[in-house]
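Colleague: Turn this into a model:
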Amino acid sequence: MPATAAAAALFSRRRASMALGACALALLASCASTPGDQRPLVTVSLPSAPLNEATRLRWLDRVSWGANASSDAQLAQRGLPLWMRDQLNPRSAAAAQLPPAAQAQIDAMVISHTPLDQLVTELDAQRKAADALPDEDQKKAARQAYQQQLNNLAREAQTRFVLRALYSPNQLQEQMTWFWMNHFNVNLRKDNLRAMVGDYEENAIRPHALGKFRDLLGATLHHPAMLRYLDNAQNAANRINENYARELMELHTLGVGSGYSQADVQELARVLTGVGVSMQPLDAPPPNVRPALRADYVRKGLFEFNPNRHDYGPKTLLGQPIQSHGLAEADEALDRLARSPATARFVSRKLAVYFVSDDPPQALVDRMAAAFTRSDGDIAVTLKALFESPEFTASLGHKFRDPVHYVLAGVRLAYDDRVALNVNPMLGWINRMGEPLYGHETPDGYPLNEAAWASAGQMNTRFEIARAIGANGAVLFRADDKAPLEKPAFPQLAESRAVRAMQGGLSADTREALAQAKNPQEWNTFLLASPELMRR
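Modeller: Numbering: from 1, shown residues only. Modelled structure (predicted):
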């Protein structure tokens, strides 16, 4: 059943049973700062005339993590061209502070003040000490403590993501951080990735989310989370592991059917031999490398290039020889992959699927790919071509929300500028709908199409979550699960200026359902579960 029909059917069933029984976007009025590469500001050619409120909300629902009254006021004050310029050129973390109540939660996290190499090596020592205990009961307790430490670090990363998605002024950057985390997917259930995923997002993905694709590609290759997840830490001369090489071509750059061969996968795997992870202390001496290759050894944090494990034989990739030597071979290979026309098309289409349609027009993808190529893979410039397109404007309000978008948009709309003190309920709602953060098992990431999320079971779950947000959302604002809920325990959605503005665009069925609500909690539930709120 199509999503709209499924949602409408569910809505009708819920309506029939009625008779029976977020934060403000603190965007400054000043210009956005240029990215770290000091490129010129990316600007967009969009109508400068003021937009009506309904149109502003549709733009916010697509570009940000969800419309609310505060972000609407900011967009109205800045105007669409300047607001979009701000989003395409995000301020630095120091200039884009979250509300104090949100920032304080992030600042208190272990992942915010402990370097990754220290964190992982200390945990590895803890694991080894637990395994060495002679008493079985003590060993079991120590192993459980180690696993709990890993769980805590993963939960910190998830919490930090949610707080930023809800309250960061750099909304597009946060959207793109999620997009690229999904594109360059790692799964936290493997090995000790629970300790690494926060740093992976913070230092490999977020800084490059609107920068150059080649820089992003290189950052993921150098991060131990990716090397562990796709087994390149075990890739060595005479013991080739092709996992990362295959996904690097199939999922990260060229895409299936782009013309590369199994021989190219094998050659790229040889290029990547020796690229791995070291758990040795940073002050430990390097491995014993023969004199002719000692200068090739590289160690940076947990990342290591070990010449002893590298295949130094001649290689040919995509029909051309690799000219470089040692770790530089990987850079040469990434240059070739990132600048391939196939990569421009593959990445552009995936961005268009995310922002426009499950089946985006080929003409739009071609224009985006041309912008990608012309700008040497500049992600913001590629998005500029998308946002300026008539196809994007025509698609507003039609893209189905995956679970993460659904939950975050609902909380932003319901609670606007109030900072959640406990996002655990939100993480639970997202998990219930089958899209846990950093939890996709396979390298392809979560699907971006409507069919993956529009089942009848999913819609029933969404109704329950709409009720949780709309009738009992005060659970988000108590730090202690046992603390009493404030009264009322639900948002005043009907009084929101943003909600009043969107009501004119609601269907007759939705308006009739809202009119029959017996109390504000039901009204909130029916609005948040409506077919219109399933889309962005």
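Colleague: So which bits of the host helix or strand of Arg62 are buried?
Modeller: Here Arg62 is covered by helix 53-63, with elements defined by DSSP states H and E. For helix 53-63, burial by neighbour count (16 or more other C-beta atoms under 10 Å) applies to Glu53, Thr55, Arg56, Leu57, Arg58, Trp59, Leu60, Asp61, Arg62, Val63. Every C-beta, even on glycine, is put in place using the N, C-alpha and C of the backbone.
Colleague: Tell me which helix or strand comes right after that helix.
Modeller: helix 69-78.
Colleague: May I see the buried residues of that next one?
Modeller: Ala69, Ser70, Ser71, Asp72, Gln74, Leu75, Arg78.
Colleague: And the nearest residue to Asp296 once chain neighbours are set aside, how far from Gly276?
Modeller: In space, and not counting its chain neighbours, Asp296 is closest to Gly326: 3.8 Å by C-beta to C-beta, 6 or more residues apart in numbering. In this view, Gly326 and Gly276 are 14 Å apart by C-beta to C-beta, to the nearest Å.
Colleague: ok but the residue nearest to Asp296 is inside a strand, no?
Modeller: No: under DSSP: H, G, I helix; E, B strand; the rest coil, Gly326 falls outside any strand and is assigned coil.
Colleague: Quick one: residues contacting Leu98.
Modeller: Shown in contact with Leu98 (C-beta atoms under 8 Å, 6 or more residues apart in numbering): Cys23, Ile106, Leu163, Arg164, Tyr167, Ser168.
Colleague: of these, closest to Arg467?
Modeller: Among the contacts of Leu98, Cys23 lies closest to Arg467 (C-beta to C-beta), at 22.4 Å.
Colleague: ok so, going back, between Gly326 and Gly276, which contacts overlap?
Modeller: Going by C-beta under 8 Å, 6+ apart, residues that sit against Gly326 and also against Gly276 are Phe305.
Colleague: In terms of packing, which of these two has more residues around it?
Modeller: Set Gly326 next to Gly276 and count neighbours by other C-beta atoms under 10 Å: Gly276 wins out with 22 against 17.
Colleague: Doesn't the more buried one belong to a strand?
Modeller: Yes: the assignment for Gly276, made by three-state DSSP, places it in a strand.
Colleague: The nearest residue to it once chain neighbours are set aside: what's it in contact with?
Modeller: In this structure, Gly276 finds its nearest non-sequential neighbour in Ala233, 4.0 Å apart by C-beta to C-beta, 6+ apart. Applying C-beta under 8 Å, 6+ apart, we find Ala233 in contact with Pro224, Leu227, Gly276, Val277.
Colleague: Equivalent analysis for Pro520, please.
Modeller: Pro488, Phe490, Gln492, Leu493, Ala494.
Colleague: The fourth one: neighbour count?
Modeller: This means Leu493. Leu493 has 24 neighbouring residues, counting by other C-beta under 10 Å.
Colleague: and the gap between the nearest residue to it once chain neighbours are set aside and Lys139?
Modeller: Leaving aside its sequence neighbours, Leu493 sits nearest to Asn524 (C-beta to C-beta, 6+ apart; 4.7 Å). Distance from Asn524 to Lys139, counting by C-beta to C-beta: 50 Å.
Colleague: Equivalent analysis for Asn89, please.
Modeller: Between Asn89 and Lys139 the computed distance is 53 Å (C-beta to C-beta).
Colleague: Which one of the two is surrounded by more residues?
Modeller: Neighbour comparison, Asn89 and Lys139: the larger count goes to Asn89, with 22 against 15 (by other C-beta under 10 Å).
Colleague: check contacts around the residue nearest to Asp296.
Modeller: Gly274, Leu293, Asp296, Phe305, Pro307, His310, Tyr312.
Colleague: Pull the most distant pair out of those residues.
Modeller: Among the contacts of Gly326, the pair separated by the greatest distance (C-beta to C-beta) is Phe305 and Tyr312, at 12.3 Å.
Colleague: Between the two, which is the more surrounded one?
Modeller: More neighbours surround Phe305 than the other of Phe305 and Tyr312, with 23 against 15 (other C-beta under 10 Å).
Colleague: So for the more buried one, what pLDDT did the model give?
Modeller: pLDDT for Phe305: 98.
Colleague: residue contacts, it?
Modeller: Contacts for Phe305 were tallied using C-beta under 8 Å, 6+ apart; they are Gly274, Val275, Gly276, Asp296, Tyr297, Val298, Arg299, Gly326, Leu327.
Colleague: could the residues you listed go into TSV alongside pLDDT and distance to Glu435?
Modeller: Below are these laid out as TSV (pLDDT from 0 to 100; distance: C-beta to C-beta, whole Å):
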residue	pLDDT	distance to Glu435
Gly274	98	36
Val275	98	31
Gly276	98	31
Asp296	97	42
Tyr297	98	41
Val298	97	36
Arg299	97	36
Gly326	97	40
Leu327	98	36
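Colleague: Just the buried ones from those, in PyMOL syntax?
Modeller: If you want just the buried ones from those in PyMOL, going by 16+ other C-beta under 10 Å, the selection is:
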select buried, resi 274+275+276+296+297+298+326+327
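Colleague: and the contacts of Phe305 as CSV, adding distance to Leu421?
Modeller: Converted to CSV, the contacts of Phe305 look like this (distance: C-beta to C-beta, whole Å):
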residue, distance to Leu421
Gly274, 47
Val275, 42
Gly276, 41
Asp296, 50
Tyr297, 47
Val298, 43
Arg299, 41
Gly326, 50
Leu327, 45
